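J.: dropping the sequence and predicted coords here.
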Amino acid sequence: MAIEDVLRAGNYHLIDVREPLELEMDGSIAEANNIPLGDIEAHIDEIRALDGNVIFFCRSGNRSGKATDFYRSQGFENVYNGGGYNDLSQTLENL
């Protein structure tokens, strides 16, 4: 499923896996939660408790891909790589 389709369907949670300093320097998406990639495994119960789809994103899509792959390896089906911050921000604005 394309990320645009996931966003249009609603009922999603945005997880920014960048480091807090990156958010300060580059900006953030207001409704996104920040869980740096290095901490992502420790939040498995928190992510499991979320209702709906989970969209990970970062600066370029590389780290969010790693987060998505990790959660899929743990049996999650409702996780998606939202790509980079700038692209995802633009996609959200254009919906």
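T.: Thanks, I have the structure now.
J.: centre-most residue in the chain?
T.: Among the residues of the chain, the one closest to the centroid is Phe56, at 1.5 Å (C-alpha atoms, centre = their mean).
J.: count the neighbours of Glu22 for me.
T.: Neighbourhood size, Glu22 [other C-beta atoms under 10 Å]: 17. Every C-beta, even on glycine, is put in place using the N, C-alpha and C of the backbone.
J.: next up, the contacts around it.
T.: Counting by C-beta atoms under 8 Å, 6 or more residues apart in numbering, Glu22 makes contact with Arg59.
J.: where's it, which helix or strand?
T.: Secondary-structure element containing Glu22, defined by DSSP states H and E: helix 20-26.
J.: would you mark the buried spots in that helix?
T.: Residues of helix 20-26 classed as buried: Glu22, Leu23 (neighbour count, 16 or more other C-beta atoms under 10 Å).
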